[in-house]
Every structure is written in C-alpha cells, then in structure tokens.
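Participant: One predicted model, sequence on top.
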Protein chains: 2
Amino acid sequence: MEPLIQRLRDIVGDEWVFTHEHQLRTYESDGLLQYHALPAVAVLPGDGEQVRAIVEACRDANVPWVPRGAGSGLSGGALPVADGVLIVLSRLTRVLEVDLENGRVCVEPGVTNVSVSAAVAPDFFYPPDPSSQIVCSIGGNVAENSGGAHCFKYGFTTNYVTGLEVVLADGEVIELGGPELDAPGYDLLGAFVGAEGTLGIATKVWLRVVPVPESTRTLVAFFDSTRQAGEAVSEIVQAGVVPGAIEMMDAVTIAATEAMANAGYPVGRGAALLVELDGSERECVAQFDEVVAICRRCGSDDVRVSRDEAERALFWKTRKAAFPAMGRMAPNYFVQDGVIPRTKLPDVLTRIDELAKGYGLTVANVFHAGDGNLHPLVCYDGRVEGEAERAEELSGRILDACLEAGGSITGEHGVGVDKKKHMTKMFAEADLDAFQRLRCAFDPAGLANPGKVMPTPRLCGEVPGPYRQHPLEKAGLAERF
Amino acid sequence: MEPLIQRLRDIVGDEWVFTHEHQLRTYESDGLLQYHALPAVAVLPGDGEQVRAIVEACRDANVPWVPRGAGSGLSGGALPVADGVLIVLSRLTRVLEVDLENGRVCVEPGVTNVSVSAAVAPDFFYPPDPSSQIVCSIGGNVAENSGGAHCFKYGFTTNYVTGLEVVLADGEVIELGGPELDAPGYDLLGAFVGAEGTLGIATKVWLRVVPVPESTRTLVAFFDSTRQAGEAVSEIVQAGVVPGAIEMMDAVTIAATEAMANAGYPVGRGAALLVELDGSERECVAQFDEVVAICRRCGSDDVRVSRDEAERALFWKTRKAAFPAMGRMAPNYFVQDGVIPRTKLPDVLTRIDELAKGYGLTVANVFHAGDGNLHPLVCYDGRVEGEAERAEELSGRILDACLEAGGSITGEHGVGVDKKKHMTKMFAEADLDAFQRLRCAFDPAGLANPGKVMPTPRLCGEVPGPYRQHPLEKAGLAERF
C-alpha cells in the first residue's frame, strides 16, 4: 500500500490523507452501526480532477475503494473495504451553477441536501427530503436514490437528477445527461442513480428544482387504529388528491415522540396521520376540506389543522423526531425499510403486529404512507443475551412479509451491505446476472465499492459460466467484504 | 441462411416465415422512406417464448436481427439489416393484465398505443400520445421512448414503463422492474427504454395508467407571429400553469391544415397556439381565464374556446393533420425533430426562417411548444434536380441550430439510422464509449439491431484500445449497415 498512499499524498497533499487508526475510526461505519471495517487510508480530494486521479491510482495499484459522502446512510453502503481506500467527498461542497430560468442547479457531490434548496430559495426548492437532509450529501442521495416525506407527490432523487459527471473505475470521466431533461442514446443516468457507488463516483450533479408552491397546509388526524388511518390514506389517494406528504405514526411512535416534542399529541391513540397539501391557494383549500371529510369518515374524531407556520413546523418536528425519540423507549433498535402496495397497508401492519408479539419485542411503525414505504423500528435491549439476534431475525421476517405482499426489500435506504442477502428473494438469477453485466461493463476489475448490493461476490471474466469465483472468495478472504 | 430459416419455420410454423421478395418489400423501410433494405427473412412470432427461440436461433447462426413493431417510426430504427432477420412483433397483441386499483396494465409489445387507453377506459388513460397512436405499437414506443402532444404535462414513455420482460441477444430472458414503481439494484429499465432495440426485445410491458381528468378545456389563439406566440408560451409556463398540451403551428402549417380540415382557421395569420388544460373543473376554469388573458396580452386578438367535444376534436384534428396536410403544399418533405430550451424558441425560429430563405425552400413549423420540441417540415420537389439534397442539407443545418441553442438532435423520433451521424455533435468520445460499454454488456456479438444509434460500427472485444474494428467494416461491408 505504501507506494499508493504516497501517490495519494502527491495528489491531494499530506494534510488530506489519513492513515492513523485514531483518524480512521471516524470512518469505520456509516449510519448503520452494526457493520464496521477500517480502511488502510482515507483520502479527501478537493475537486473532481483529484477524484479522477485517486481512482486512477487505485486502478494502477489494483486496490478497491469506497466513496463516502456524509456517512449518514442506513444500509452500510459507505462501509469501508478493510485495508482498501476510502474516498471521502466532504470537501466537494461548491454550488457550481444556479439557473433559475430553466430550473436547474449544478453542485458538487459533497453539498448537503438542504444546501441545494438554500441555493435556490426563496422561489424554488429541491423536493427529495430525507429525514437526514441537514447532513446528508447530494452524492450520497444520488448513490442511494434517496427519498423522503415529500416523494409521494414529487418523486425520488432519480426524478430530479438530469445530469452527472462521473469518474469510472478505470479513471475515465464521462458525462451522462446534462442540464436538459432528455437526450438521445442510452439513458445511463437512471442506472447510475441508485448504483450505490459501484459504477463510479459522481463529481458534478445537475439537479432540477421546482417553484415553491403558493400555499401549503398541514393537518394531523388521530385514529383508533392504523387500519382506520390506512383506509383514510387509500380514500384520499382514490379521490385523486395528491398530498405533498402523507405520513403515518402508530401508537408506540406517538408516545415516544410526544415525550420528546411535546406537541400535545394524545398518547394512547392508535395512529396519527399527517397530511400536507401544497399547490395554488384555491386548490389547497378545496382539497383540504375533502381530506378533513375523509379522515372523519374513516373514524377520526380529532383532526388538527396547523394555524400558522410555527404549528406546521411542530407537526413536522414531531414526525422527524420519530427515530431519535425511539431511543427513549428502548436501549437499541433496528430501522427496517420495506415497501408494500398501498392497498396492502392494513394487512401487513396486522402481520407485523403478530410477528412482534411472537418474538416478544416491540415494533414501532412510522412510514411514508402514500408510497407504502414502511419504516418499522424493531426495539430491543442489546444487554439481554440473544435479544439483538432475535430482533434482527424479526426485522428480516418483516421484510419477508413485505415481499409476500408484493413489495420490495428497500424503499429508500438502499441495499448496501445490509440487504444484499435479501436480493435473491426479489430477483431471479438471470436478473442478477443482468445487474452484473452492467457492473462489469463499468468496473471490470471490481474495485468500485465491492461487496455491496450484489448478493454474492462475483467477478467479471472471460471464462465460461456466467462469472468466475471472486479471487478474494477463492483465497478465503470473502468475509473482508 | 437455409438452416436458420428452417429453424425459424420450426419455431413459428411455415405460415409466419416470409422469404419471397414480394413479401419482404412490405418491410424494406419504416416510416422514414429514405432508407430501405431487404432482410433475408421476416419472421412473425406468436408469443414471447417464440421470440426467445428466434433470438437464440440467430445467436447460434451468428446472424443479425432487427425488431419491428408497426413500422411507423421516423428515424429508420426498424430498417432491416440487409440479408439479416427481421422479427416482426405485430402478432403479439394481447392485453395480459388490467389492474386499475393500482393503475397498472401489462401488455404484449404489438399492442397499439390507443389500445392501451381503450383497455383502461373510461376511468383511466395512457398519456404518451404520438401522432401515430392509432397504428404505432407499445414495443416501438418503448424502443424510441416516444412522446406526443401531452408529454409536456405528463412525461414520456419512460415515465410510464414500470417493468419489462426482455429477451437479450443471447436468448436469456430477464425481468426489469415490474408492476411496482421502484426496485433495488441497478435501474436498468431506463436504459432499455429508448435503446431502439439494440439491447434486446421487450416481450411484456408493464405500464402505469392514470385517471382521466375530471375536466378538459381547449382553446386556439391566433397571433401575428410565432415570436408573439412563443412569448405567450413562456408566460403561461412562468405563471405556473401546466397545460395538458401546448402546441404551435406557423403560417405555412395553418394554411396547409385549413385546406384539409376546414376548421375555419384564418389563413394568413402568423401563428396558432393550441392550449389544452385538464384537471379538476375548478382548477381548469381558473387557469383557463389566466391563459386567455396571457394570450391577449401577448398580442392575440382572436382566441377561440372549444364549446363542446366536437369542436375540441376539430381543433385536435387540425393539429394532427399537419404532417399529412403538408403533402398538398409540396410534393415531398423531410420531417425534422429537434429540441431547444423553451426560452430560445423565438431566436431559433428566426434562425430557421433565415436558413430557409438562404436555401430558397419552404419550411413549415409545427411543434410541441411546451417541451421546445420542434418539428420543422422541410418542403421540396424531388423531381427538381438537386432539390432533395439541398433540403436534406437544410434539414441538417436546422439541427445544428438546435444544438447551438443548447438543444438536442432528437425530441421523440429517436436516432435510428438517420441521426447516428449527428451523435458525435452531442457526445464526447468517452460518452459514446460509455454507451458502447452498455451495448457490449448485453449484446457482445453485435447482433441486436446493429448499425443503429451509434455513429460508427464498433465491436465489443477483449483486445486493447476501446473497441476493435467491426468485422463487417474490416471486410468492406460496413455499408450494409
């Protein structure tokens, strides 16, 4: 490694190359703390050209690398490869271009999600809004195709990325798309968004931004059960109303968040539904009346409409506090991320309840109801022998329940290292091979974030059979990944 | 070829294999009549499994093949490879599944565009609407990522395809996406939509359909110039109004279509703007008043609002007659297809006018104004020595003008064989190489619709240098493509 490390020092300067264990500990995991590994070196490039040079140096040395943004991901996508190179993009924070006439902005990958909206405020905003939006970086959002509360109406990251400058694993720099919405040739942009850093590193990101709606109105309705609230969700959507956000919290979550946010939520109620409408003033008012009527019809006797911006902020603070608040309810928890068809919400929630009872564990449900994107929080006490394992097993069975309902193993947190074992439940071997064909086309040496996304280490090769055994696997080192 | 043809007969039955010249003439070109070539054989499979078997047979015989839907494409995408196999998908016309609860429909590739809407009527419809929608097939729409008048508001084919079953060039069958909107792993779906048959053949297509809007209102406003009408377009969009469609016709087009459709349009006026609003009744009414006011402010003294469905149909008939009507104005014409940023409309129209004068030819402009998607019709008389060549040159220079304005060489007709020479104007060598990497990952032998999209024949190879010379090129046979 020493010659490679020296080359990295030459590229970015000594002060941006970290090799001491105490420096590297910072980077040993991302937001998913179950997995950790120490890279041999962490390097912090200062611009896109340095990223290219680093990737080229790794190619020459045949050393695997992992890109890292803010490290707030929840699937272990930025978990370092042990003894590999970690490329930390937190210095690439420039907003390169703001073109409001055409609704476009071009940023470097280290720019945080909220900074994009800040750069185009007050008339425009960038809709995809992960709960971690204050810290998470656009590069990470692109890697994971991040979503958020407003994605039901506005779509995911992939619906807003119109162009990427990408450094491929062999050091070649390509441009996919651009400021325009559509281009001839293959649409590779979609494949790179959500590729979790396995196809290359984005060094420039062109994003579409949209006008801030004229009016925004928010309500919270309380129900006796998540089933009632789920029915309200279905009715709202069937009525043709497209809320900016439609979020649900169950009884456990209401209790936990109320203890933290003090919003005056009635602890003990079965479900809270937060509905936000945005658009023209006239449209908002008309649809708001309709939503209130539907909530009442579905059994809500307590509908609270935000009277001002402060109250609206409080509603949202309560919702966004759900994950941190859970720390008060249990010493530890796993955040699961699954998707189900919206119409299956009541059935799957019942099934999760049964499973939780069977395992003797508490599961809190908080989710993007419009998308059918569940975030069950499986609570456990890591100090109790075997409880972590039971919680992990329950978490996996909840995912199976999502799949049985015709859903998916991840809505917005990505596959990373955590869910690659579940990929075979969703995809046939031929479909996984199709992924591998793409992977090999852009990273034949397997150096770009290896060991993520794909269920088993595979190698691109010319030998018969779809793919050779990975040399690390052969050498008994596959567990490094 | 004889053993291959026999194998094709065994797969589909004698009656669905055509080898006689008089049978093959039907297939010698698609909607772009400038190019023609005779395949050795045309084969019409009856289901997806037969498609797979045909592709496998071609792979074993190492013979190139071209997929063909309705043959209404305008870029020569379905032009046969001379002496190759043409796979005609017109028998695959089954609607396999209609799931209105989740807004999904699954169809075979030979189903026509209008049949999709018919299958989900009266409550739902399928928005992308090429002018050829009565005949064009969904498989062709997927191949070309087709658009249409309503794509400004509703998006293109790629925004509606949620899943594909695809036969790859080596006969492997994969599923990309599915009925759900989002899936983990690489998003290959976007890359396959618009790939013009060079990555495989879709045998099943899952589409999203949307509720028919409560209300639809249409107006036509007449202006003295396309510049005024262009300003109205900009103002409408800037006001936050998102019309279902916003179409412009210039003076030449008004005169030609009026002669055919007799809609009472004022021949002699400089431009007609057709604006359609859809949505809730309340929203439509409010926005309609705003659009009328903007049109008047931008110089229109003649705004006609459709009074009933019959008049609305007449407005649309006039717009959709633009291409056929041009046959009355000139013996021949080329349809160009370019995109420009909407804000550049007035400048580019002026430039096209100058170019037309310089060449002594008439150019009619009809276009999807909201998208900045121009369709200049370059009129000429093929009987006049050299006029066709002049018209073709002018057509190319119009495309250059689109590129200079920051636009693209195609909005919705695709690259096919016609525009591949222009690809180098839009893409750097590294970007074209990225396309080729994808192509080689899925069709290493180069059998799937070769000679389309990419500017020069390239081959996937293991030898150094990006790609080896194509063997047909080596043998001096590249002009077969």
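Facilitator: That came through fine.

Participant: And the average pLDDT for stretch A:279-294 is what?
Facilitator: For stretch A:279-294, mean pLDDT rounds to 87.

Participant: list the buried ones in that stretch?
Facilitator: Neighbour counts using 16 or more other CB atoms under 10 Å in any protein chain shown place A:Gly279, A:Ser280, A:Glu283, A:Cys284, A:Ala286, A:Gln287, A:Phe288, A:Val291, A:Val292, A:Ile294 of stretch A:279-294 among the buried residues. Heads up, the C-betas are built off the backbone N, CA and C, glycines and all.

Participant: ok, now stretch A:46-55?
Facilitator: If you call a residue buried by 16+ other CB under 10 Å, then stretch A:46-55 has these buried ones: A:Gly48, A:Gln50, A:Val51, A:Arg52, A:Ala53, A:Ile54, A:Val55.

Participant: who's in contact with A:Ser115?
Facilitator: Residues near A:Ser115 by CB atoms under 8 Å, 6 or more residues apart in numbering or on different chains: A:Thr93, A:Val95, A:Val107.

Participant: Could you dump these into TSV with neighbour count, pLDDT and distance to chain B added?
Facilitator: Converted to TSV, the contacts of A:Ser115 look like this (neighbours: other CB atoms under 10 Å in any protein chain shown; pLDDT from 0 to 100; distance: CB to the nearest CB, whole Å):
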residue	neighbour count	pLDDT	distance to chain B
A:Thr93	15	97	26
A:Val95	15	98	20
A:Val107	25	98	20
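
Participant: ok so, going back, using a markdown table, lay out the buried residues of stretch A:279-294 together with distance to chain B and secondary structure.
Facilitator: Shown next, in a markdown table, are the buried residues of stretch A:279-294 (distance: CB to the nearest CB, whole Å; DSSP: H, G, I helix; E, B strand; the rest coil):
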| residue | distance to chain B | secondary structure |
| --- | --- | --- |
| A:Gly279 | 9 | strand |
| A:Ser280 | 7 | coil |
| A:Glu283 | 6 | helix |
| A:Cys284 | 11 | helix |
| A:Ala286 | 6 | helix |
| A:Gln287 | 9 | helix |
| A:Phe288 | 13 | helix |
| A:Val291 | 14 | helix |
| A:Val292 | 17 | helix |
| A:Ile294 | 16 | helix |
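
Participant: Tell me how many other residues crowd A:Glu393.
Facilitator: Close neighbours of A:Glu393, defined as other CB atoms under 10 Å in any protein chain shown, add up to 14.

Participant: is it fair to say it lies in a strand?
Facilitator: No. A:Glu393: not assigned to a strand; according to DSSP: H, G, I helix; E, B strand; the rest coil it is helix.

Participant: Would you agree it is in contact with A:Gly358?
Facilitator: No. Under the criterion of CB atoms under 8 Å, A:Glu393 is not in contact with A:Gly358, lying 10.6 Å apart.

Participant: Now the nearest residue to A:Gly407 once chain neighbours are set aside. Its backbone dihedrals?
Facilitator: Nearest residue to A:Gly407 in three dimensions, chain neighbours excluded: A:Ile340, at 3.8 Å (CB to CB, 6 or more residues apart in numbering or on different chains). Backbone geometry at A:Ile340, expressed as degrees, to the nearest 10, gives phi -130, psi 160.

Participant: what secondary structure does the residue in chain A that chain B sits nearest to sit in?
Facilitator: Nearest residue of chain A to chain B, counting by CB to the nearest CB: A:Gly190, 3.0 Å away. Counting by three-state DSSP, the backbone at A:Gly190 sits in helix.

Participant: ok, now which ones touch the residue nearest to the spatial centre of chain A?
Facilitator: In chain A, the residue lying closest to the centroid (CA atoms, centre = their mean) is A:His413, at 3.2 Å. For A:His413, the contact set (CB under 8 Å, 6+ apart) comprises A:Gly73, A:Leu74, A:Ser75, A:Glu144, A:Val335, A:Asp337.

Participant: So the last one versus A:Pro130, what's the distance?
Facilitator: A:Asp337 sits 11 Å away from A:Pro130, taking CB to CB, to the nearest Å as the criterion.

Participant: Mutual contacts of these two, please.
Facilitator: Residues touching both A:Asp337 and A:Pro130 by CB under 8 Å, 6+ apart: A:Glu412.

Participant: Which strand or helix spans A:Leu219?
Facilitator: In the assignment (DSSP states H and E), A:Leu219 maps to strand A:215-223.

Participant: I meant to write A:Ala232 there.
Facilitator: helix A:226-238.

Participant: and which of the buried residues of stretch A:46-55 is nearest B:Met426?
Facilitator: Using CB to CB, A:Gly48 is the member of those that lies nearest B:Met426, at 21.4 Å.

Participant: SS state for the nearest residue to that closest one once chain neighbours are set aside?
Facilitator: Among residues not flanking A:Gly48 along the chain, A:Thr203 sits closest, at 3.4 Å (CB to CB, 6+ apart). Look at A:Thr203: counting by three-state DSSP, its state is strand.

Participant: Settle this for me: A:Thr203 is touching A:Val107, isn't it.
Facilitator: No. Assessed by CB under 8 Å, A:Thr203 is found out of contact with A:Val107, at 10.6 Å.

Participant: sorry, back to before: and the residue nearest to the centre of chain A, how close does it get to A:Met329?
Facilitator: For A:His413, the distance to A:Met329 - CB to CB - is 21 Å.

Participant: same thing with A:Ala57?
Facilitator: Counting by CB to CB, the gap from A:Ala57 to A:Met329 is 47 Å.

Participant: quick one: which of those two has more around it?
Facilitator: Remark: of A:Ala57 and A:Met329, A:Ala57 carries more neighbours, 22 against 17, as counted by other CB under 10 Å.

Participant: coming back round to it: you'd agree the residue of chain A closest to chain B is up against B:Phe192?
Facilitator: No. Between A:Gly190 and B:Phe192 there is no contact under CB under 8 Å: 9.9 Å.

Participant: what about these two, which has more around it?
Facilitator: Remark: of A:Gly190 and B:Phe192, B:Phe192 carries more neighbours, 29 against 24, as counted by other CB under 10 Å.

Participant: which of the residues in stretch A:159-171 are buried?
Facilitator: Using 16+ other CB under 10 Å as the test for burial, stretch A:159-171 gives A:Asn159, A:Tyr160, A:Val161, A:Thr162, A:Gly163, A:Leu164, A:Glu165, A:Val166, A:Val167, A:Leu168, A:Ala169, A:Gly171.

Participant: Now for those: which two are most distant?
Facilitator: A:Asn159 and A:Gly171 (30.0 Å).

Participant: The stretch 1-150 of chain A: strands as residue ranges?
Facilitator: Counting by DSSP state E, counting those that start in this stretch, the stretch 1-150 of chain A has strands at residues A:17-18, A:41-43, A:65-68, A:85-88, A:95-99, A:104-107, A:124-125.

Participant: What pairs with the last one, parallel or antiparallel?
Facilitator: Strands that pair with strand A:124-125, judged by DSSP bridges, come out as strand A:210-211 (antiparallel).

Participant: which residues sit against the strand it pairs with?
Facilitator: A:Gly103, A:Asp123, A:Phe124, A:Phe125, A:Tyr126, A:Pro127, A:Tyr154, B:Gly240.

Participant: And these, which is closest to B:Thr424?
Facilitator: A:Gly103 (28.8 Å).

Participant: how many neighbours does the closest one have?
Facilitator: A:Gly103 has 16 nearby residues by other CB under 10 Å.

Participant: and it, what is it in contact with?
Facilitator: With CB under 8 Å, 6+ apart, A:Gly103 has these contacts: A:Phe124, A:Arg208, A:Val209, A:Val210, A:Pro211.

Participant: Repeat that for A:Glu196.
Facilitator: A:Glu196 neighbours (CB under 8 Å, 6+ apart): A:Gly77, A:Ala143, A:Glu144, A:Gly414, A:Val415, A:Gly416, A:Asn449, A:Lys452, A:Val453.

Participant: Make JSON lines out of these and add distance to chain B.
Facilitator: As requested, the contacts of A:Glu196 are exported to JSON lines (distance: CB to the nearest CB, whole Å):
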{"residue": "A:Gly77", "distance to chain B": "11"}
{"residue": "A:Ala143", "distance to chain B": "12"}
{"residue": "A:Glu144", "distance to chain B": "10"}
{"residue": "A:Gly414", "distance to chain B": "7"}
{"residue": "A:Val415", "distance to chain B": "5"}
{"residue": "A:Gly416", "distance to chain B": "10"}
{"residue": "A:Asn449", "distance to chain B": "13"}
{"residue": "A:Lys452", "distance to chain B": "11"}
{"residue": "A:Val453", "distance to chain B": "7"}
